[in-house]
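Undergrad: The following block contains a protein sequence and its predicted model.
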Amino acid sequence: MTVQQLDVIGFGNAIVDVIARSEEAFLDRHGMRKGGMTLIDEARAEAVYADMGPGVEISGGSAANTMVGIAALGGRAGFIGKVRDDELGGIFAHDIRAAGVAYATPAAVAGPTTARCLILVTPDGERTMNTYLGAAQHLTPADVDANAVASAGVTYLEGYLWDPAEAKEAFLKAADIAHKAGRTVALTLSDAFCVGRYRAEFLNLMREGIVDLVFANEAELTSLYETGFDAALAQLRRDVTRGVVTRSEKGALSVAGEDLVVVPAHPVAKVVDTTGAGDLFASGYLHGFARGFTPEESLKLGALAAAEIISHIGARPEQGLKALALENGLRV
Ligand SMILES: OC[C@H]1O[C@H](O)[C@H](O)[C@@H]1O
């Protein structure tokens with residue numbers, strides 16, 4: 001077996017977020033689906049941006065956020081995702097490397113600009129995302145660094161990658177390399193509407209054993225099985241080796257065959273912005289999983305990292321997660 005050099009390698013859309021506070025009326029005026037992620041074209045991105053209030057630009061991308069969280073916990077993380085050789089692409093690459101994540105995917109030198117996600121955060125802290133995929137959709141199988149994948153304990157794939165056709169091929173190639181190297185393949189279902197678009201394909205990935213570990217929130221899980229929570233959880237146990245389900249203020253759980261482990265949510269003084277909550281939960285869980293910690297320890301690390309991220313604007317941690325974990329009595 002290849003020597004393990006990374007704990008986790010993530011594949012995802014490489015995106016810079018533009019985040020602004022907004023009233024619900026803004027969402028209604030633009031016909032936005034509150035709490036979801038909607039793909040938009042460049043013309044709509046420009047129209048929405050022109051109407052948004054003052055925003056902040058912060059690097060994002062679901063799997064990229066997760067890898068940054070793992071690095072912040074002291075783990076070894078890598079990321080594969082496509083930017084263009086433009087200003088936003090330079091910012092994305094700088095930020096992820098500065099956070100300690102290995103990132104070497106070459107930037108596209110032609111084609112659409114770097115992906116942007118226009119995020120409106122309403123007074124209740126809920127985020128509504130509008131993603132222009134741009135260069136991110138041109139991640140291809142040629143971008144898969146086979147050595148890096150084979151040397152990572154876990155290959156983590158973002159469900160949003162199922163939207164661009166070529167990225168889907170990259171996803172399958174990475175999963176195959178990881179399994180041939182005896183590694184774990186994990187998938188996050190990303191978004192309930194994304195599950196609606198690809199339900200049959202996601203179930204196939206699970207039932208065919210292409211993914212071993214699945215992350216979902218309650219809405220994604222019930223959308224996947226088109227049934228209530230308890231029935232959906234029972235099906236998840238049958239379809240995948242290990243499942244991790246987040247339930248917002250109700251905490252989180254993991255299932256593996258007959259095993260069930262439940263942890264409460266980590267307390268948060270005020271929910272400022274839910275962007276990245278699931279991503280950072282996955283950071284904590286994957287960090288613990290890759291280090292061989294118990295499911296309870298891993299879930300608690302996830303709950304802690306999620307609590308940090310929703311207490312401020314943006315999906316990249318502002319506090320040292322490693323120190324925070326130690327202060328809270330968790331091993332990292
Ligand atoms: O999960 C949050 C992330 O999803 C979207 O991909 C945004 O970039 C954001 O950072």
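TA: Yes, it's here. Numbering: from 1, shown residues only.

Undergrad: Leaving aside the residues adjacent along the chain, what's closest to the residue of the chain found nearest the ligand?
TA: Proximity of the chain to the ligand (Cβ to the nearest ligand atom) peaks at residue 60, 2.5 Å away. Where you see a C-beta, it was placed from the backbone N, CA and C, and this is true even at glycine. Of all residues not flanking residue 60 in the chain, residue 17 sits nearest, at 3.6 Å (Cβ to Cβ, 6 or more residues apart in numbering).

Undergrad: how deep is that neighbour tucked in, by neighbour count?
TA: Per other Cβ atoms under 10 Å, the neighbour tally for residue 17 reads 26.

Undergrad: still on that earlier bit, surely the residue of the chain closest to the ligand touches residue 275?
TA: Yes. With contact defined as Cβ atoms under 8 Å, residue 60 reaches residue 275; the gap is 7.3 Å.

Undergrad: residues shared between the contacts of the two?
TA: Residues touching both residue 60 and residue 275 (Cβ atoms under 8 Å, 6 or more residues apart in numbering) are 17, 119, 314, 315.

Undergrad: Would you format those as JSON lines with pLDDT and distance to residue 157 included?
TA: JSON lines is the format used below for the shared contacts of residue 60 and residue 275 (pLDDT from 0 to 100; distance: Cβ to Cβ, whole Å):
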{"residue": "17", "pLDDT": "98", "distance to residue 157": "20"}
{"residue": "119", "pLDDT": "98", "distance to residue 157": "22"}
{"residue": "314", "pLDDT": "98", "distance to residue 157": "23"}
{"residue": "315", "pLDDT": "98", "distance to residue 157": "18"}
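
Undergrad: which other helices and strands contact the host helix or strand of residue 254?
TA: Using DSSP states H and E, residue 254 maps to strand 252-256. Strand 252-256 sits against helix 229-239, strand 242-246, strand 259-263, helix 295-309, with contacts defined as 3 or more Cβ pairs under 8 Å, 6 or more residues apart in numbering; DSSP states H and E.

Undergrad: among the shared contacts of residue 60 and residue 275, who's most crowded?
TA: Of all the shared contacts of residue 60 and residue 275, residue 315 has the most neighbours under the rule other Cβ under 10 Å, reaching 31 neighbours.

Undergrad: all strands in the chain, in order from the N-terminus.
TA: Counting by DSSP state E, one finds strands in the chain at the ranges 6-11, 15-21, 37-39, 55-59, 77-80, 102-103, 115-121, 127-132, 152-158, 184-188, 213-217, 242-246, 252-256, 259-263.

Undergrad: what are the pairing partners of the fourth one, and which direction each?
TA: For strand 55-59, the pairing partners within the sheet under DSSP bridges are strand 15-21 (antiparallel).

Undergrad: near the ligand at all, the strand it pairs with?
TA: Yes. Strand 15-21 reaches the ligand (Cβ under 6 Å from any ligand atom) through 15, 17.

Undergrad: angle of that strand against strand 127-132?
TA: 140 degrees (axes from the mean of the first three to the mean of the last three Cα atoms, to 10 degrees).

Undergrad: quick one: contacts for the most centrally placed residue in the chain?
TA: For the chain, the residue whose C-alpha lies nearest the mean C-alpha position (Cα atoms, centre = their mean) is residue 62; its distance is 3.2 Å. Contact analysis of residue 62 by Cβ under 8 Å, 6+ apart lists 12, 13, 158, 160, 188, 190, 276, 278, 279.

Undergrad: Let me know how buried residue 259 is, in neighbour terms.
TA: Other residues close to residue 259 by other Cβ under 10 Å number 10.

Undergrad: Tell me the bridge partners for it.
TA: Going by DSSP bridges, residue 259 forms beta bridges with residue 256.

Undergrad: Report the separation between it and residue 104.
TA: 37 Å (Cβ to Cβ, to the nearest Å).

Undergrad: Residue 36 now?
TA: On the measure of Cβ to Cβ, residue 36 and residue 104 end up 32 Å apart.

Undergrad: Which residue, other than its chain neighbours, is closest to residue 13?
TA: Among residues not flanking residue 13 along the chain, residue 136 sits closest, at 3.9 Å (Cβ to Cβ, 6+ apart).

Undergrad: Please apply the same query to residue 26.
TA: Using Cβ to Cβ, 6+ apart, the closest residue to residue 26 is residue 120 (6.1 Å).
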